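J.: have a look at this fold, sequence not included:
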């Protein structure tokens, strides 16, 4: 797990390499995009996602631009689902304060379970939350 620092010294870029049990995570401060791709079943979800939550919190506190999550998650274990709920709660709070936040969750149409999971998350969110089959 490594983060890339900007010349100003802040961790405005976030890069976590994909492993067998963790997704690739890329946070692009300037673009206002946080992307995650792959499986998520780490032994300690909070160890992995603590950096992600910190990046989202800092972005929402320091930046006025919109924030979009681009998700291509294939499998999430129970602890990863809990962490995603925490991230969506941060987005929901920001949305209620007038911030422009959104989620685009892409899934393989052969894996309806992921679409169902994304749909369950969407039910609890009032911000823009799109669920799209890859290839549509």
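T.: Here it is on my side, so go on. Since we're looking at a predicted model, the values are computed, not measured.

J.: give the residue spans of the chain that score low on pLDDT.
T.: Scanning the chain for pLDDT under 70 picks out 1-11, 136.

J.: do a quick rundown of the strands in it.
T.: Secondary structure of the chain, counting by DSSP state E: strands at 2-4, 13-16, 24-28, 33-40, 67-76, 101-107, 128-133.

J.: and those as a markdown table, adding mean neighbour count and distance to residue 47?
T.: The C-beta positions use only the backbone N, C-alpha and C, and glycine is treated the same way. Converted to a markdown table, those look like this (neighbours: other Cβ atoms under 10 Å; distance: least, Cβ to Cβ, whole Å):
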| stretch | mean neighbour count | distance to residue 47 |
| --- | --- | --- |
| strand 2-4 | 11 | 14 |
| strand 13-16 | 18 | 11 |
| strand 24-28 | 19 | 13 |
| strand 33-40 | 19 | 12 |
| strand 67-76 | 19 | 16 |
| strand 101-107 | 20 | 23 |
| strand 128-133 | 15 | 27 |
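
J.: okay if I get those as JSON lines plus distance to residue 55?
T.: JSON lines is the format used below for the strands of the chain (distance: least, Cβ to Cβ, whole Å):
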{"stretch": "strand 2-4", "distance to residue 55": "8"}
{"stretch": "strand 13-16", "distance to residue 55": "5"}
{"stretch": "strand 24-28", "distance to residue 55": "5"}
{"stretch": "strand 33-40", "distance to residue 55": "7"}
{"stretch": "strand 67-76", "distance to residue 55": "10"}
{"stretch": "strand 101-107", "distance to residue 55": "14"}
{"stretch": "strand 128-133", "distance to residue 55": "20"}
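
J.: tell me which of these lies nearest to residue 87.
T.: strand 67-76 (7.4 Å; Cβ to Cβ).

J.: that closest one vs strand 101-107, what angle?
T.: Taking axes from the mean of the first three to the mean of the last three Cα atoms, to 10 degrees, one finds strand 67-76 and strand 101-107 inclined to each other by 30 degrees.

J.: and the residue nearest to residue 75 when sequence neighbours are not counted, how far from residue 21?
T.: Among residues not flanking residue 75 along the chain, residue 39 sits closest, at 4.6 Å (Cβ to Cβ, 6 or more residues apart in numbering). Remark: distance between residue 39 and residue 21 (Cβ to Cβ, to the nearest Å) = 6 Å.
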